[in-house]
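Enquirer: Here's a sequence, model it:
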Amino acid sequence: MKTKLKGISYSKYGYLFSIPFVVAFLIFTLYPTIYTATLGFTDCRGVLNDDYHFLEHPFENFKEILKNDSFRVSLKNTIVIWIANFIPQISIALLLTAWFTSHSNEIRGKGFFKVVFYMPNIITAATVAILFHSLFNYPVGPVNDILVSTGLRDSSYYFFTSKTASRLIVAFIQFWTWYGNTMIVLISGVLGISPDIYEAAEIDGANGVQTFFRITIPNLKTVLLYTLITSLVGGLNMFDIPFLFLSGGPDRATLTTSVFIYNLAFSGNYIYNRAAAASMIMWLLIAFFSAILFYIMRDKDQIKIDKEIKRAKKEAKRAAKGGVNQWQW
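Expert: Model prediction:
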């Protein structure tokens, strides 16, 4: 009986269980991606337009998108809003991670605080947009009531007509929504670090700040890279909050590239070829910036070790060949 069990191959069951995912990926991810990339080189416009052709100048749509003033404005807005929300997001997440994983200070109710900080991430974007629209409403709203009652302003301030205020509010919403998720990811990374390292640091007399910057951060490099890449992808694809909050206004101040692409493709225009070209340009930008992050965050020490190992192997092979040739001679 044991020999029969040893002879059974369970790998086929793994392939069977992966079939639903592969089919769903091919239909809902790979095919739309290839189809979108193809549309960028065609003259496809209008709903249910099957009679489209490839352009004589294949990159015409891409050139027109790059010349489009609204696209350039939306790209600038996207980068500014992403940077404005990511810097405080990663900073607060790192501080909370250091607080929750501190070995010297035991905090009561850690689980409760983690749930509270993560809670905004599970609220729907439509709910968040309505909430913040009500908070900053004019002339009556909680924020304006506080400003007037405390004497900071004589009258209510219309936040939604100010470009700077609108961008800051959208950036704050993005920060408030995602800092809890970033914190949870970083805490998971810290829990994966060996406790022996921290014990050795305590024995050597290292304080909390030294431990965090010299042990925690270097060992979190892979997790930080993951956080940076996912934030970059999510930030450059920012759509729901800018669209639901102010629909890209005022005066294109919160118009992001995703909102621009949506308006181009579905908001009465149906210019699918230009929208597809804009999507592919954003894909190339995300891939380019991701490659830069991978290069900056690479493990230089491991690269040196790998080079030394390869060099040692080459020298060993040369020595072995030299010994064989000498023996033959």
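Enquirer: count of residues packed around residue 295?
Expert: Using other Cβ atoms under 10 Å, residue 295 has 8 neighbouring residues. Glycine gets a C-beta too; all of them are placed from N, C-alpha and C.
Enquirer: An error on my part: the question was meant for residue 197.
Expert: Around residue 197 there are 13 residues (other Cβ under 10 Å).
Enquirer: Not counting residues beside it along the chain, what's closest to it?
Expert: Closest residue to residue 197 apart from its sequence neighbours, by Cβ to Cβ, 6 or more residues apart in numbering: residue 215 at 5.7 Å.
Enquirer: show me the contacts for that neighbour.
Expert: Residue 215 is in contact with 193, 197, 198, 201, 206, counting by Cβ atoms under 8 Å, 6 or more residues apart in numbering.
Enquirer: Mind doing that once more with 10 Å?
Expert: Residue 215 makes contacts with 190, 193, 197, 198, 200, 201, 206, as judged by Cβ atoms under 10 Å, 6 or more residues apart in numbering.
Enquirer: Likewise for residue 95?
Expert: 183, 212.
Enquirer: Enumerate the positions of stretch 179-197 that are buried.
Expert: Buried residues in stretch 179-197, defined by neighbour count with 16 or more other Cβ atoms under 10 Å: 179, 180, 181, 182, 183, 184, 185, 186, 187, 189, 190, 193.
Enquirer: cool, stretch 68-77 as well?
Expert: 68, 70, 71, 73, 74, 75, 77.
Enquirer: Give me the mean pLDDT for it.
Expert: For stretch 68-77, mean pLDDT is 94.
Enquirer: can you give me the offset of that stretch from its chain's centre?
Expert: Averaged C-alpha coordinates place stretch 68-77 at 20 Å from its chain's average position (Cα atoms, centre = their mean, to the nearest Å).
Enquirer: so what's the backbone phi/psi at residue 54?
Expert: phi -70, psi 140 (degrees, to the nearest 10).
Enquirer: no, scratch that, I was asking about residue 152
Expert: phi -70, psi -30.
Enquirer: Find the nearest non-adjacent residue to it, please.
Expert: residue 146 is the one closest to residue 152 (Cβ to Cβ, 6+ apart), at 7.9 Å.
Enquirer: for residue 140, same thing?
Expert: Spatially, and ignoring its direct neighbours in sequence, residue 140 is nearest to residue 156 (7.4 Å; Cβ to Cβ, 6+ apart).
Enquirer: ok, the one you found touching residue 149?
Expert: No: using Cβ atoms under 10 Å, residue 156 is not in contact with residue 149; the gap is 11.2 Å.
Enquirer: Pick out whichever of the two has more residues nearby.
Expert: Using other Cβ under 10 Å as the criterion, residue 156 and residue 149 rank with residue 156 on top: 16 against 9.
Enquirer: For the stretch 1-150 of the chain, just list every one of the strands.
Expert: Taking DSSP state E, counting those that start in this stretch, the stretch 1-150 of the chain contains no strands at all.
Enquirer: Tell me where the model's unsure across it.
Expert: 1-9, 103-105 (pLDDT under 70).
Enquirer: Helices along that one, start to end?
Expert: Secondary structure of the stretch 1-150 of the chain (DSSP state H, counting those that start in this stretch): helices at 2-7, 11-25, 31-39, 60-67, 69-100, 110-118, 125-135, 142-149.
Enquirer: for the fourth one, which positions count as buried?
Expert: Along helix 60-67, these residues count as buried under the neighbour rule (16+ other Cβ under 10 Å): 60, 61, 62, 65.
Enquirer: quick one: buried residues of the host helix or strand of residue 277?
Expert: Using DSSP states H and E, residue 277 sits within helix 272-296. In terms of neighbour count (16+ other Cβ under 10 Å), helix 272-296 has its buried residues at 272-282, 285-286, 289-290.
Enquirer: So which of the contacts of residue 215 belong to helices?
Expert: Among the contacts of residue 215, the ones falling in helices (DSSP state H) are 190, 197, 198, 200, 201.
Enquirer: ok, the third one touching residue 211?
Expert: Same thing as residue 198. Yes: if you go by Cβ under 10 Å, residue 198 and residue 211 touch, sitting 6.5 Å apart.
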